[in-house]
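# how would this look folded up:
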Amino acid sequence: MCFSASASFGAGIILSVISVVSIKKVKQTSQIAFASIPLIFAVQQFTEGLLWLALTHPLCAPFERGATYVFLFFAQIVWPVWVPFAILVLAKKNQRKPIEKILVVIGGVVSLYLAYCLASYPVQAKVIGYHIAYGQDYPAGLSHYGGALYIIATIVPPFFSPIKRMWLLGAAILISYIITTLFYTDYIVSVWCFFASIISITVYLVMRQSGKARNKDWGRTIVLKDR
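Take a look at the predicted model:
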């Protein structure tokens, strides 16, 4: 989270609880990736909490570089491909749309590009006011294209999913991005994760609804067999 170490660790704890209840709803392996979204957010928030300590307490300074790269690994490499993939496999095979597969490919390309940038160019994290700013010396010519594709890969997939209530996830991500862009332009990487708890709640709601739907399908199957 973007305000302090205690806020980040607190968010990590809340997200851990949400991750437990979400993962408990898993009935099939195809649901694991989606249900694990809150858990990944939790790890990311704990990492930024450690980074806060590293940037503000000399005794923790040795953890600064590692925490910076781990946080950016999740923010820039994991999410662009994880979100569209998790949403794609959550639906039944006969319900998956071609556009969803295309979004997974787009997310994979973005992840590979940002992985290259993270490994090849210097990055730096520093506290400015009540936020952490991540300085990234990535190629300027491709930054706009990469940013646009990142947004497409992480925001668009929920709106094409056949899963009931999945649009709530898309709406939460979209609203959080708009607010972050308007009010925290220089801290998008960090502040956007402020909304992780809200997004993770929608993940739980989708998992709960998905479980109910599967139970109904299972019940119909039993009835048909009895007939």
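
# pLDDT weak spots in this protein?
1-3, 193-194, 211-227 (pLDDT under 70).

# Apply 80 and report the result again.
Applying pLDDT under 80 to the chain flags the ranges 1-4, 129-130, 140-144, 184-198, 209-227.

# now the helices: where do they sit in it?
All helices of the chain, identified by DSSP state H, fall at 5-23, 32-35, 37-56, 64-72, 79-90, 98-120, 140-155, 157-160, 166-183, 188-191, 196-226.

# For residue 133, which of those is the nearest?
helix 188-191 (7.3 Å; CB to CB). C-beta: built from backbone N, CA, C; applies to glycine.

# How far off centre is stretch 61-80?
Stretch 61-80 sits 13 Å away from the centroid of its parent chain (CA atoms, centre = their mean, to the nearest Å).

# In the chain, which residue is most central in space?
The centroid of the chain falls nearest to residue 79 when counting by CA atoms, centre = their mean (4.8 Å).

# In contact with the nearest residue to that residue once chain neighbours are set aside, which residues?
Of all residues not flanking residue 79 in the chain, residue 154 sits nearest, at 5.7 Å (CB to CB, 6 or more residues apart in numbering). Taking CB atoms under 8 Å, 6 or more residues apart in numbering as the contact definition, residue 154 lies against 79-80, 83-84, 107, 173.

# these two touch, right, residue 95 and residue 162?
Yes. With contact defined as CB atoms under 8 Å, residue 95 and residue 162 form a contacting pair (4.5 Å).
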